[in-house]
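J.: next comes the sequence, and after it the predicted model I'd like to discuss.
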Amino acid sequence: MSQSRRRSLSRRRLRWCLVLVVGLFTVFGARLFQIQGVDASAYAAMAVRAGTASTTVPAPRGAILDRNGEELASSVDALTLTADPSMTAANAPQIARLLREHLGTDINYFDLIDKLRKPESRFVYLKRDVPAWTAKKALSAVAEAGMTGVFSEKQTLRTYPGGSLAANLIGYTNGAGEGVAGIEGQYDKILTGTDGSKTYEVSQSGERIPMGDSTVTEMVPGRDVVTTIDRDLQYYADKRLAEGVRSSSSDWGLALTMDVKTCQIVQMSQAPTFDPDTRTGMQDSNTVSRAVQNVYEPGSVMKTVTMAALADQGKIAADTPIVVPSKMVIDKFPIGDYWKHGTLHLTAAGVIAKSSNLGTIVAANQMSDATMYTYFNKFGFGEKTNVGLPGESAGLLKPGAEWTKANHATISFGQGISVTGMQMIRAVGAIANGGTMCRPSVVSDVQSDGGSKEGVDNGGATQVVSKEAARVVTRMMEAVTAPDGTAPAAAIEGYRVAGKTGTAWRVDPNTGRYIRGQNTVSFMGFAPADNPRFLTYIVLDKPYSNAGGGSTAAPVFHDIMSMALERFGVAPTGAKPPKVNQTW
């Protein structure tokens, strides 16, 4: 080949090479333009996802505190244990044994093995809500045995230090950490915080880059709720009420104590109850809040309201003479007293002291249906107390326009009307507080993590009867705890005590008819009677046959009220109760 030909071939090759190189650069340039210009944001996002990892920073739930700052419900650090079956399958039996040793026998060994060997899976939950110290011991045991594949996720665990203490007031949380019932449910949004997050750079192997960029969104803890409950008084009342329910063979019992001046509930007990910490006893009959959700006929405690209405109208005083017949038949319905007697000459105080249904009817007949209904409505019956707890019932008070003569008679002594315990303590609390009725409360403050407090509006007060009317009824109620009254067991040495017993027929919820021989018995009282501070209400449902409020509920009242007076340092006034004639 000639030299000129060789030069021509070389120039041709150079031109093709140049074209090829220019073509390649053109393709690469176009692709680079597409990545950096047209699709820049999409590829940047892919890069971020490939090189970053995010974790949630759970916000602790706010605590529920007693009036003195003692914890009734709180949150502690906990872990959820997880596993990668592709890493644990080979050693599943050994890992399951180690976990069961440290997590307790409530975890099923064979179920654990199945999870650790789950085919075609890279993630399984082993156990949730494990206290941090327990979980860390279990993880260390697996690691020390030379096995891998078990991991943990941080979370918070709800705990109740007092166990069943005030459980029906506090409520509980579900598996998702949401409040259920009680204060946990009512104040769920306040107690629940806002989770934060952490995003950081990771290597291709998934390990965090020590000096890499990271972004933190701070979590916001839930706020604490401060209740009006006194933990020590609550503990004592829980135990004393449970003892009273057992000794009287009752189906259930209720005990409420309220500060008369502020209407703050300082103790709210129920038996039987449940333990939200161990999750024992959590059937519907135990988790319901009987103080606000259960309705029942109150019986003779309601006579105090009837007498207050009459006294407010100037129709009655403690020594007003009343002729009590031996029996009555109203609308073909026979009505009598719990004891047989002929015609009696009792004072109004004697009617209360002896708890005479017939004497109460005679007194109440001085009021029309409309007037009596108006007073009962003023005392809050037929309306919710708005105490601030979920599921509250309004009870049942038939409009006065619909009353029969029998309704007028029976409602005056507490039958034919359905109430809640909270309604009753609010109403009689008005008598103890000089005729002024206020809304009961169970929460006083909501406070932030920094300690700042926000008071809870518990509503205003209403004058339902005059101070003089309240004073007259208080004198009548003091006769109840006298040696010749129906509840001398409620008397407290050194203090003047005003009270009233209650015994009502139970209603069959299936038929709506009264069950003969089955009663709901109660005792309501306040002390010191001459300067009231606390009001305590005891209810026992379906105690043994022939049990009465004076023999079963009054002793429980005595002990809880005595504890309340001692706990809050209420000294005796030193005054002697006035002598009130029961007969004329």
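T.: Here it is on my side, so go on.
J.: wait, isn't residue 531 in contact with residue 572?
T.: No. Contact between residue 531 and residue 572 fails when scored by Cβ atoms under 8 Å: they sit 10.0 Å apart. From N, CA and C alone the C-beta is placed, and that goes for glycine too.
J.: these two - which one has more neighbours?
T.: A count of neighbours by other Cβ atoms under 10 Å puts residue 572 above the other of residue 531 and residue 572, at 14 against 11.
J.: now the more buried one, nearest residue through space, not along the chain?
T.: Nearest non-adjacent residue to residue 572, counting by Cβ to Cβ, 6 or more residues apart in numbering: residue 494, 4.0 Å away.
J.: for the residue nearest to the spatial centre of the chain, grab phi and psi.
T.: What sits nearest the mean C-alpha location of the chain, by Cα atoms, centre = their mean, is residue 182, with 2.2 Å. Main-chain torsions, residue 182, degrees, to the nearest 10: phi 50, psi -150.
J.: now do the contacts for it.
T.: Neighbour list for residue 182: 167, 168, 169, 170, 171, 172, 289, 389, 390 [criterion: Cβ atoms under 8 Å, 6 or more residues apart in numbering].
J.: hmm, back to that, what about the residue nearest to residue 572, which helix or strand?
T.: Using DSSP states H and E, residue 494 maps to neither a helix nor a strand.
J.: give me the pLDDT for residue 419.
T.: Looking at residue 419, its pLDDT is 98.
J.: any idea how far stretch 61-68 is from the chain center?
T.: Its chain's C-alpha centre and that of stretch 61-68 lie 13 Å apart, by Cα atoms, centre = their mean, to the nearest Å.
J.: which residues touch that stretch?
T.: Under the contact criterion Cβ under 8 Å, 6+ apart, stretch 61-68 has outside partners 71-75, 156, 158, 170, 173, 177, 183-184, 190-193, 221-231, 234, 264, 266, 444.
J.: just the buried residues from those, in ChimeraX please.
T.: Selection of the buried residues among the contacts of stretch 61-68 in ChimeraX, burial being defined by 16 or more other Cβ atoms under 10 Å:
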select :71,72,73,74,75,156,158,170,173,177,183,184,190,191,192,193,221,222,223,224,225,226,227,228,229,230,231,234,264,266,444
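J.: sorry, back to before: not counting its neighbours along the chain, what's nearest the residue nearest to the centre of the chain?
T.: Setting aside the residues directly before and after it, residue 182 is nearest to residue 171 in space (Cβ to Cβ, 6+ apart), at 2.5 Å.
J.: any idea how far residue 252 is from residue 421?
T.: 11 Å (Cβ to Cβ, to the nearest Å).
J.: out of those two, which sits in the busier spot?
T.: Neighbours were counted for residue 421 and for residue 252 using other Cβ under 10 Å; residue 421 has more, 27 against 20.
J.: can you pull the contacts of the more buried one?
T.: By Cβ under 8 Å, 6+ apart, the contact set of residue 421 is 254, 256, 290, 291, 292, 294, 537, 539.
J.: go on, residue 381?
T.: 395, 397, 417, 419, 423, 427.
J.: next, count neighbours for the closest residue to the second one other than its chain neighbours.
T.: What it means is residue 397. Distance criterion Cβ to Cβ, 6+ apart; nearest residue to residue 397, sequence neighbours excluded, is residue 382 at 3.4 Å. Look at residue 382: counted by other Cβ under 10 Å, it has 18 neighbours.
J.: could you do residue 475 as well?
T.: Neighbours of residue 475 (other Cβ under 10 Å): 20.
J.: next: residue 12.
T.: As a burial measure, residue 12 scores 10 neighbours (other Cβ under 10 Å).
J.: a helix runs through it, doesn't it?
T.: Yes. Judged by DSSP: H, G, I helix; E, B strand; the rest coil, residue 12 forms part of a helix.
J.: not counting sequence-adjacent ones, nearest residue to residue 479?
T.: Per Cβ to Cβ, 6+ apart, closest to residue 479 is residue 353, 3.8 Å.
J.: list phi and psi for that neighbour.
T.: When quoted as degrees, to the nearest 10, the phi and psi of residue 353 stand at phi -60, psi -40.
J.: so it touches residue 476, yeah?
T.: Yes. Judged on Cβ under 8 Å, residue 353 makes contact with residue 476 at a distance of 7.3 Å.
J.: the two - which one has more neighbours?
T.: residue 476 (30 against 26).
J.: what is the subsequent helix or strand relative to the host helix or strand of that one?
T.: Assigned by DSSP H and E, residue 476 falls within helix 467-478. Once helix 467-478 ends, the next helix or strand along the chain (criterion: DSSP H and E) is strand 498-507.
J.: can you point out the buried residues in that following strand?
T.: Within strand 498-507, the residues scored as buried using 16+ other Cβ under 10 Å are 498, 499, 500, 501, 502, 503, 504, 506, 507.
J.: ok, stretch 369-387 next?
T.: Within stretch 369-387, the residues that count as buried by 16+ other Cβ under 10 Å are 369, 372-373, 375-376, 378-382, 384-385, 387.
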